[in-house]
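A.B. asks: Need coordinates for the below:
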Amino acid sequence: MSYWGYHYLLDCSGCKNITDKEIILEFSNVLIKDINMVSAGPPQLEYCLSGTDNEGYSLLQLITTSNITAHFVTKTKAAYIDIFSCKEFDTNVVDNLIQNYFSPKNIEKNYLLRNA
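C.D. replies: Take a look at the predicted model:
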């Protein structure tokens, strides 16, 4: 059976570097390169929900095969990262990059095979 899309969702806790805009942008660029994707324009990175318990950077990176999104919650040091693509990619590469850039204490992983 062939699938239309591959969706990797990571909930990371106890992260470092999630308030560093340059590190988040570098992570996005290296991730695209290392999982062999093609960006569809520059990443969008905004600091959202200021003054709330959920404030932090939100990332949207369109790729030619779909998108990469992430929200980094400053207060709880959590990162929620989703990679969705109709092109397969190596989840081990993703895991290693997240570990290298954000050093989470824990990661919950979900991998979905999408098909309409």
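A.B. asks: which other residues reach the helix or strand where Leu9 lies?
C.D. replies: In the assignment (DSSP states H and E), Leu9 maps to strand 5-13. Residues from elsewhere that reach strand 5-13 (C-beta atoms under 8 Å, 6 or more residues apart in numbering): 66, 76-89, 91, 94, 98, 102, 104-115. The C-beta positions use only the backbone N, C-alpha and C, and glycine is treated the same way.
A.B. asks: Next, the buried residues of it.
C.D. replies: Within strand 5-13, the residues scored as buried using 16 or more other C-beta atoms under 10 Å are 5-6, 8, 10, 12.
A.B. asks: farthest-separated two in the residues you listed?
C.D. replies: The largest separation in the buried residues of strand 5-13, counting by C-beta to C-beta, is between Gly5 and Cys12 at 21.9 Å.
A.B. asks: Low-confidence stretches in the chain?
C.D. replies: 1 (pLDDT under 70).
A.B. asks: Where do the strands of it begin and end?
C.D. replies: Listed in chain order, the strands of the chain (DSSP state E) span residues 5-13, 44-48, 56-63, 66-73, 78-85, 106-114.
A.B. asks: got those strands as a markdown table, with distance to Asp20 columns?
C.D. replies: Below are those laid out as a markdown table (distance: least, C-beta to C-beta, whole Å):
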| stretch | distance to Asp20 |
| --- | --- |
| strand 5-13 | 15 |
| strand 44-48 | 11 |
| strand 56-63 | 9 |
| strand 66-73 | 9 |
| strand 78-85 | 12 |
| strand 106-114 | 19 |
